[in-house]
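Visitor: Sequence first, then the predicted structure, then my questions.
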Amino acid sequence: QVQLVESGGGLVQAGGSLRLSCAASGHTFSSYTMGWFRQAPGKEREFVAASIWGGGTEYYVDSVKGRFTISRDNAKNTVYLQMNNLKPEDTAVYYCAARAYYSGRYHLPSMYDYWGQGTQVTVSS
């Protein structure tokens with residue numbers, strides 16, 4: 001059983017920064033593709049970024065390219081999302097997700113097997 005726990009959310013002014021963390025337990029972390037998603041009130045869950053297993057590529061949704069960076073520390077079983085130059089439209093609950101040995105449609109929530117509980121990010125204007 002894989003457990004994912006996010007942390008690092010909060011309230012920040014526009015232009016500010018936050019770093020989200022997602023700690024994983026119960027699996028060989030390096031073998032998992034890790035994704036970050038977000039969901040704003042009344043909207044569908046949206047892909048934000050993914051780190052492909054085995055030292056593969058990182059991917060981002062266009063709206064966060066150049067502002068957000070996904071990284072992982074396999075020794076600590078943790079994936080991070082560094083968010084800079086935050087905008088009010090980034091306000092959402094952010095979730096991390098995991099799936100083993102997968103590098104396909106990483107942008108689809110349905111492709112992931114495990115999810116964290118989410119952490120709220122609120123950006124004020």
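Guide: Ah, there it is.

Visitor: I'd say residue 101 and residue 31 touch.
Guide: Yes: using Cβ atoms under 8 Å, residue 101 is in contact with residue 31, at 5.9 Å. C-beta here means a position set from N, CA and C on the backbone, and glycine is covered the same way.

Visitor: Comparing those two, which residue is more hemmed in?
Guide: Neighbours were counted for residue 101 and for residue 31 using other Cβ atoms under 10 Å; residue 31 has more, 14 against 10.

Visitor: what's near enough to touch the more buried one?
Guide: By Cβ atoms under 8 Å, 6 or more residues apart in numbering, the residues touching residue 31 are 53, 54, 100, 101.

Visitor: same thing but 10 Å
Guide: 53, 54, 74, 98, 99, 100, 101, 102 (Cβ atoms under 10 Å, 6 or more residues apart in numbering).

Visitor: residue ranges for the helices of this structure, please.
Guide: Secondary structure of the chain (DSSP state H): no helices located.
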